[in-house]
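Asks: when you get a sec, could you give me coordinates for this:
(chains A, B and C)
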Amino acid sequence: MKTDSFRPSRAVEARAIEAVLMVATEPLATQFLAGIVETTPEEVERICIEISGWYESNQTGFQLVKVAGGWRFASHPDMYMFVEKFAKEGFSTRLSAAAMETLAIVAYKQPLSRSQIAAVRGVNSDGVIRLLSQRGYISVHGHASGPGQPGLYGTTPAFLEKLGLNSLDDLPPLAGFVPGLEEAEVLDSQLGDSHNE
Amino acid sequence: MKTDSFRPSRAVEARAIEAVLMVATEPLATQFLAGIVETTPEEVERICIEISGWYESNQTGFQLVKVAGGWRFASHPDMYMFVEKFAKEGFSTRLSAAAMETLAIVAYKQPLSRSQIAAVRGVNSDGVIRLLSQRGYISVHGHASGPGQPGLYGTTPAFLEKLGLNSLDDLPPLAGFVPGLEEAEVLDSQLGDSHNE
Amino acid sequence: MVYTVQSENRSRDETLLHAAAAPKCPTVSTGAFNGPLELLVHLVNTQEVDIYQVSLCQVVDDFLQVVFKTSLDISLDTSTQFLLYAAILLEIKSRCLLPQPPSDDQGEKEMNLLEQRDLLLNSLLSSRTYARVARHLSGMIETAGLSLPRSWGLDTELVWLAPDLLDGVSPEDLRSIFGKVIENSIPLEVDLAHISVDSITVTDVAEELSSSLPNLKNVTFFEITSHLSERIEVIVWFLALLELCKTGQVVLDQGELFGELHIKWIGDYENG
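Replies: Here you go, the predicted model:
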């Protein structure tokens, strides 16, 4: 869409969506917006994509993005340095490598229990799980049927927002990160050697 | 200003102002914005008037308006009926977990500052504090003596009324909390410490 | 446990040093290790020991050397991570020391070994996979963090339209939520309550005993330790007594098993 081609008279649905998103505090689902502006979800989706492209081509300092299944206004990444200066406190501290690993395991293998997480990481991960729950990135989604009925953890909408993802389907495929055959063979031979001694 | 006449490449100052205003939770003064985008207040004023006119001529669903305290984005008055509908139906009828947590902390630890609330929760809570203030459940009761003299939040009479309490003394005592009590005391003393800073 | 100085192992120490220093880089690409299991493989390679025969002494020695050599610039993250690895190795080793159920079938033994090896390889591969994914997700978080969401909310004049948010909330709800917050709140200080600092040393007690015992004709261990409250103190006094016995200053006599321990000073009377 060209900068100058936007119809001079914006459709009322587009204006309504913009108005409502301006006072929202969380991403609003397409379905929900459709109810408010009284149109179909397909139409909302089309409008949102259109106005989002319009902001981009007009180089506004903000974006309309789709995260965690909904639309929301956000500052443009290019303007990060100004926003950071403004909202120093708002930037949460970096997650440790251990926390990120645990988060990755939960993201790809959910739902799973504490002990299943520990089994993959090779160490007890209770502290990290507590941190991630407290930050709201993971939560108990259900309970296993086994003995003790341990809580099964999964990721939250806040996790999707944190990663800027629309849904879990947008996670990069795990296959791309599995060590290649050569690497596996090297590891295999390393383990093998030690045993023959 | 004509719809199509906005320079195709928006000035970085304009973009920065838009970005910062988009994430702000209160109106920002011209002087303050000038400091953030590193230009003169006159230039900020000129840019804000320009982009405000540009939104108007492009019939966006929002406006950039100047109120007593400074500049802010707001939904367009023409779209009032949709925003009203959103306010009535769209808002979840229950407080989010984050809001409940913040309210509980303010109730039991008052008076305390934004940063003290953030320290207890482990995350920035400004948005939630705004919501709770807006709804009249909490308010600024005084100011700390430390640097910046941050506002100290406490609960309101409306909060007590809503919960059917006669006074704050009627809040359920925390003594029954066997697991968390020690930590609560540690936290308490830490909050006390930071208070004295 | 005997610690030997291993000058011939310099290269291995340097490898460990390098490995220990690696996590300091901000991307946390740990290089040599991607986790506890990586450390095992590393040890297998450099120490040329069987993975089920890791020498405890060696591990502790290596760890201490790394700590001492890098004490000035080692980060807390790195050292605690290393400590964790060491602890894991100790755990594995201690498990190996437990008696295994008897198995006379040689074939079955070998099968078990193979199975364990496959399991190890498997978890090694999956731990590497997730370490890589984690780094990728970190990058995504960083990118997403460049943009901040709008969180202005409803304008005050519209707020009254919204349903009251405290409907159905009881004071008790508030209390339990507060309790949960406090419980989950991450302590700002490291809790050291479980660490007891030795207030007395064997040397101190031995000195004290050398001045007091010559004046006491015949005392029992119970008598000289009756004023102590901590078990660790009693142990230190006992060790000090053994020290004095070893150097020929006192004679210890115990009439019967678990009986009263009599102490007699036979050393110099310089202090008396």
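Asks: please name the nearest non-neighbouring residue to the residue of the stretch 1-150 of chain C found nearest chain A.
Replies: Across the stretch 1-150 of chain C, the shortest distance to chain A (CB to the nearest CB) belongs to residue C:144, at 3.0 Å. All C-beta spots, glycine's among them, are computed from the backbone N, C-alpha and C. Leaving aside its sequence neighbours, residue C:144 sits nearest to residue A:164 (CB to CB, 6 or more residues apart in numbering or on different chains; 3.0 Å).
Asks: that neighbour is in contact with residue A:67, isn't it?
Replies: Yes: at 5.9 Å, residue A:164 and residue A:67 qualify as touching, with contact defined as CB atoms under 8 Å.
Asks: so what's residue A:72 up against?
Replies: A:21, A:24, A:26, A:27, A:28, A:64, A:65, C:149, C:150 (CB atoms under 8 Å, 6 or more residues apart in numbering or on different chains).
Asks: what about the helices in the stretch 101-250 of chain C?
Replies: C:106-144, C:156-159, C:171-184, C:202-212, C:221-225, C:231-246 (DSSP state H, counting those that start in this stretch).
Asks: for residue A:12, which of these is the nearest?
Replies: Nearest of the helices of the stretch 101-250 of chain C to residue A:12, taken as CB to CB: helix C:156-159 at 19.4 Å.
Asks: what are the buried residues along the closest one?
Replies: By neighbour count on 16 or more other CB atoms under 10 Å in any protein chain shown, the buried set for helix C:156-159 is residue C:158.
Asks: list phi and psi for the most centrally placed residue in chain A.
Replies: With distances taken as CA atoms, centre = their mean, chain A has residue A:160 as the residue nearest its mean C-alpha position (1.9 Å). Backbone torsions of residue A:160, given as degrees, to the nearest 10, read phi -60, psi -40.
Asks: now do residue C:217
Replies: phi -60, psi -60.
Asks: re the thing from before, and for the residue nearest to residue C:144, the neighbour number?
Replies: 21 (other CB atoms under 10 Å in any protein chain shown).
Asks: confidence score at the residue in chain A positioned nearest to chain C?
Replies: Using CB to the nearest CB, the closest approach of chain A to chain C is made by residue A:164 at 3.0 Å. Looking at residue A:164, its pLDDT stands at 91.
Asks: so what's it up against?
Replies: Residue A:164 neighbours (CB under 8 Å, 6+ apart): A:65, A:67, C:140, C:143, C:144, C:147.
Asks: can we see that at 7 Å?
Replies: Residue A:164 makes contacts with A:67, C:140, C:143, C:144, as judged by CB atoms under 7 Å, 6 or more residues apart in numbering or on different chains.
Asks: skipping adjacent residues, who's closest to residue A:150 in space?
Replies: Here the residue nearest residue A:150, using CB to CB, 6+ apart, is residue A:113, at 4.1 Å.
Asks: okay, helices next: where are they in chain A?
Replies: With helices called from DSSP state H, chain A shows them at A:12-22, A:30-37, A:41-57, A:80-86, A:97-109, A:114-121, A:126-134, A:157-163, A:181-196.
Asks: phi first, then psi, for the residue nearest to residue A:150.
Replies: phi -90, psi 170.
Asks: list the residues that contact it.
Replies: A:144, A:150, A:151, A:152.
Asks: can I get those in CSV with pLDDT?
Replies: CSV is the format used below for the contacts of residue A:113 (pLDDT from 0 to 100):
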residue, pLDDT
A:144, 87
A:150, 88
A:151, 91
A:152, 94
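Asks: and those, which are buried?
Replies: A:150, A:151, A:152.
Asks: quick check: the last one touching residue A:142?
Replies: Yes: Residue A:152 is within contact range of residue A:142, at 5.0 Å (criterion: CB atoms under 7 Å).
Asks: what do the two both touch?
Replies: Between them, residue A:152 and residue A:142 share the contacting residues residue A:111, judged by CB under 7 Å, 6+ apart.
Asks: and the two most separated of the contacts of residue A:72?
Replies: Most distant of the contacts of residue A:72, by CB to CB, are A:26 and A:64, 14.5 Å apart.
Asks: what parts of the stretch 101-250 of chain C come near chain A?
Replies: C:113, C:117, C:120-121, C:123-134, C:136-138, C:140-141, C:143-155, C:184, C:186 (CB under 7 Å from any CB of the partner chain).
Asks: derive a PyMOL selection command for the buried subset of those.
Replies: Burial among those is assessed by 16+ other CB under 10 Å; the matching PyMOL selection reads:
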select buried, chain C and resi 117+120+121+123+124+125+126+127+128+129+130+131+132+133+134+137+138+140+141+144+145+146+147+148+149+150+151+152+153+154+184
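Asks: quick check on residue C:147: phi, psi?
Replies: Dihedral angles (degrees, to the nearest 10) for residue C:147: phi -120, psi 130.
Asks: ah, wrong one, I meant residue C:228
Replies: Per degrees, to the nearest 10, the backbone of residue C:228 is at phi -80, psi 140.
Asks: where are the low-confidence patches of chain A?
Replies: A:1-9, A:88-93, A:190-197 (pLDDT under 70).
Asks: so where's chain C uncertain?
Replies: C:1-60, C:62-64, C:66-67, C:69-114, C:116-117, C:160, C:184-199, C:269-272.
Asks: what residues does it put near chain B?
Replies: So chain C meets chain B at C:148, C:150-156, C:158-159, C:161-163, C:165-167, C:169, C:171-172, C:174-175, C:177-179, C:181-183, C:185-188 (CB under 7 Å from any CB).
Asks: which of the contacts of residue A:72 lies closest to chain B?
Replies: Using CB to the nearest CB, the contacts of residue A:72 come closest to chain B at residue C:150, 5.3 Å.
Asks: tell me who's in contact with the closest one.
Replies: A:72, A:73, A:74, B:22, B:23.
Asks: now it: how far from residue A:76?
Replies: 12 Å (CB to CB, to the nearest Å).
Asks: kindly report the domain assignment for chain A.
Replies: A:3-79, A:97-196 (automatic domain parsing).
Asks: reformat those domains as JSON lines; add distance to residue A:87.
Replies: Shown next, in JSON lines, are those (distance: least, CB to CB, whole Å):
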{"stretch": "domain A:3-79", "distance to residue A:87": "9"}
{"stretch": "domain A:97-196", "distance to residue A:87": "16"}
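Asks: great, nothing more from me.
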